[in-house]
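Trainee: Need the 3D shape of this:
(chains A and B)
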There are 2 protein chains.
Amino acid sequence: MDKKKLITEVLKNEVVKALGCTEVGLIGYTVAKAKPEDVYSIKEIKLTLDKGTFKNAFSVGVPNTGKFGILPAVVGGLLGNKDNKLEVFKDIKYDEELEKFIEGKLKIEVINSDVYCKVIIKADKLYEAETKGSHSGKSMPENLKNAYKNLTLKDFIDYSDDIPEDVVKLIKETIETNKNLSTPEVPEDFVNLDINDEILNYMLKKTVSAVYNRMIGANKPAMAIAGSGNMGLTATLPIIAYDEIKGSDEEKLIKSITLSALTTIYSAYYSSYISAMCGCVNRGGIGAVSALAYYIFGTDKIEESIKSFTANLPGIVCDGGKIGCALKIASGVFAIYLSLHSKVPYTNGIVGKDFKECIENIGKIGQAMKLVDNEIIEILKRKI
Amino acid sequence: MDKKKLITEVLKNEVVKALGCTEVGLIGYTVAKAKPEDVYSIKEIKLTLDKGTFKNAFSVGVPNTGKFGILPAVVGGLLGNKDNKLEVFKDIKYDEELEKFIEGKLKIEVINSDVYCKVIIKADKLYEAETKGSHSGKSMPENLKNAYKNLTLKDFIDYSDDIPEDVVKLIKETIETNKNLSTPEVPEDFVNLDINDEILNYMLKKTVSAVYNRMIGANKPAMAIAGSGNMGLTATLPIIAYDEIKGSDEEKLIKSITLSALTTIYSAYYSSYISAMCGCVNRGGIGAVSALAYYIFGTDKIEESIKSFTANLPGIVCDGGKIGCALKIASGVFAIYLSLHSKVPYTNGIVGKDFKECIENIGKIGQAMKLVDNEIIEILKRKI
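Mentor: Next comes the predicted model:
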């Protein structure tokens, strides 16, 4: 497959629209498939979840419920229609009484697996359902992934300079969709800080508000990149904000967002779709740094900025989808902006000699953090 | 031992003056002990270093040489006087020719151990020397550490409200010493960014310049906290900067810096002195957040701010002492400032229910990251 075809194929598979955090939808949908007719006959509900689903559902907003976490996802599933699949919470009216009834009856087991949810309900008899999925979304074939990993920064820049028409459409949709999740302000009871710097403050508000809205379960989609909505927001909104504040240049913005998506996906392929390392900052951040360096300074500063970013935040943990992600991503936006204006030598720690080696090294740190995920799961389990 | 005596004992042992990054001094000193009279008779120099010494010496400035890393530390040791011990580079005149002669003859082995440096020099005969140390500095007895870990945030606040005279002197010295490492600007070829926000910009410049100066081997001491100079700078300079900008209040500053040192040490005892997790941000940051919350809002906001900080940067890796630390610490300063103005619920990931549980959870993440250190060492080794 020639480079351009390969990149287009990867982009179309890895930049997709997603409504809400899919993990709670997965739980609700599986519960809806298993539920008995009389929900008040339930004696026990046992969930078996893979680590990623457990972590990302643990404290995230459940659409249409005003609630957060696994219990309301289960209750929502009991109230929802299984035909709505991952959008199972679409038409429900939340029921506090049912929540109280279910609360003491919920048991959760966490296993090592790709996306997995099994529900066993004890009522007049046993009811069971399971849903399997993949954290890698439409899961690209390995050979295409490997071919993509062999591409260079120059290949991505060349592609961004001459984007096929249908991809331009996809990128425009990405810009509009993610912009639409932003609100001018972040609620004061979450973050009450104005940085007196127009550019930084605007990039922060635009990005942080969108992540916050997504995490409370706002009923608006995001364009996910490489399997994560928050990663898609981090990889796009700082650039969209910068473009708005500098007087919009649509062509430059489209090129930049394309480059961001390409380098974010590249980072994900060198790390993994989900990990104990925060992908939004570590992978989406790489995308945003590449794109902003390209937007502001042209191609010359990209590699230098990526090196500075590699010297900065790698390692920051992912402890699940939740409003706190917006704080991590705020620090990410600051580090992204700082990286555009910094320079570190190759000798510095895990900084690579070039773009590729930086991404490889961050990926290696992510892989080495696997055990950290177990510790995070243990901390969360103790909270139940 | 009563609480006040215990805290005073711990503070006096853990807040100490340190000149330069000790790891290169350790290498230089050990080389100086082993060196043959005629350095040009050397056929091979073999260093055996523990991981921490290797990592922290790898790219850090060697005082009085204008150079960075292990090779100039070895050359400096060959030129230096062993009687100067860790200040072995004090009176040397660096010799480029000697560096060229030694460059191909240096072999490095990295082992698991507390602070360790062994030098074997092959020349007319074998010359050997070794130096052992502890990353825990004067290494407090375990029982005192454990007693200290059982103290509460309230104990630390009470102590900071009524500080013994000799500790006031120590804290004043800490403030003066660390302030003295700062310069008004950071070199433009390292960071060229002005944030147009007076408070944030001043906190950043004050802290980042001091860390940078320390990392290039500036001939000025820092007050280290819990074994790290950079941690001491991170735990003090944001507060010192804030105090200066708001019109100095010496009494409040001394109380705040005391509280910062106490909570930084507490964090170190729950994690470890050195780790694969950046202590400056993760432990010094806890100190700075506690102290700034105390300084700006009084005691009520400390715990809430610590929770927000726990939701933010934990996990960010330590890949050795080097100028890049200043970038991590810049992100740390931003996250510290953001944490003072944010609020996250307990349900959020690793956020603890209170001050103690936050520190415990961050410590657990640090402990779980041990394997990451091996990956970092491998990345550094490939650079030799």
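
Trainee: what residue is smack in the middle of chain A?
Mentor: Among the residues of chain A, the one closest to the centroid is residue A:228, at 2.7 Å (Cα atoms, centre = their mean).

Trainee: what sits against that one?
Mentor: Residues counted as contacts of residue A:228 (Cβ atoms under 8 Å, 6 or more residues apart in numbering or on different chains) are A:273, A:274, A:279, A:280, A:284. C-beta here means a position set from N, CA and C on the backbone, and glycine is covered the same way.

Trainee: Sort out which of those are in strands and list them.
Mentor: Among the contacts of residue A:228, none falls in strands (DSSP state E).

Trainee: Can you add pLDDT and neighbour count and give the residues you listed back as TSV?
Mentor: Listed next are the contacts of residue A:228 as TSV, based on pLDDT from 0 to 100; neighbours: other Cβ atoms under 10 Å in any protein chain shown:
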residue	pLDDT	neighbour count
A:273	77	21
A:274	76	23
A:279	95	25
A:280	96	28
A:284	98	33
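
Trainee: So residue A:320 versus residue A:53, what's the distance?
Mentor: Separation of residue A:320 from residue A:53 (Cβ to Cβ, to the nearest Å) stands at 10 Å.

Trainee: Who has more neighbours out of those two?
Mentor: A direct count of neighbours by other Cβ atoms under 10 Å in any protein chain shown for residue A:320 and residue A:53 places residue A:53 higher, at 30 against 27.

Trainee: Low-confidence stretches in chain A?
Mentor: Chain A contains residues with pLDDT under 70 at A:134-139.

Trainee: and the stretch 201-350 of chain A, which residues reach chain B?
Mentor: With the criterion set to Cβ under 8 Å from any Cβ of the partner chain, the stretch 201-350 of chain A comes near chain B through A:276-278, A:308, A:311-317, A:319-320, A:322-324, A:327-328, A:330-331, A:334-335, A:337-350.

Trainee: List the ones among the residues you listed that fall in strands.
Mentor: Residues of those located in strands (DSSP E): none.

Trainee: among those, which are in helices?
Mentor: Per DSSP state H, helices hold the following members of these: A:308, A:327, A:328, A:330, A:331, A:334, A:335, A:337, A:338, A:339.

Trainee: my read: the last one touches residue A:314, true?
Mentor: No. Counting by Cβ atoms under 8 Å, residue A:339 stays clear of residue A:314, with 11.9 Å between them.

Trainee: dump the residue contacts of residue A:88.
Mentor: Counting by Cβ under 8 Å, 6+ apart, residue A:88 makes contact with A:25, A:28, A:29, A:32, A:76, A:77, A:80, A:81, A:82.

Trainee: Oops, could you answer that again for residue A:153 instead?
Mentor: A:263, A:290, A:302, A:303, A:354, A:355, A:356 are the contacts of residue A:153 under Cβ under 8 Å, 6+ apart.

Trainee: May I see these arranged in CSV, with secondary structure as well?
Mentor: CSV is the format used below for these (DSSP: H, G, I helix; E, B strand; the rest coil):
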residue, secondary structure
A:263, helix
A:290, helix
A:302, helix
A:303, helix
A:354, coil
A:355, helix
A:356, helix
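
Trainee: Now restrict these to buried residues only.
Mentor: With burial judged by 16 or more other Cβ atoms under 10 Å in any protein chain shown, the buried subset of the contacts of residue A:153 is A:263, A:290, A:302, A:303, A:355, A:356.

Trainee: Which stretches in the stretch 51-200 of chain A count as helices?
Mentor: With DSSP state H, counting those that start in this stretch as the criterion, the stretch 51-200 of chain A has helices at A:51-57, A:70-79, A:96-103, A:142-149, A:153-161, A:165-179, A:198-215.

Trainee: got the contact list for residue A:364?
Mentor: By Cβ under 8 Å, 6+ apart, residue A:364 lies in contact with A:350, B:375, B:379.
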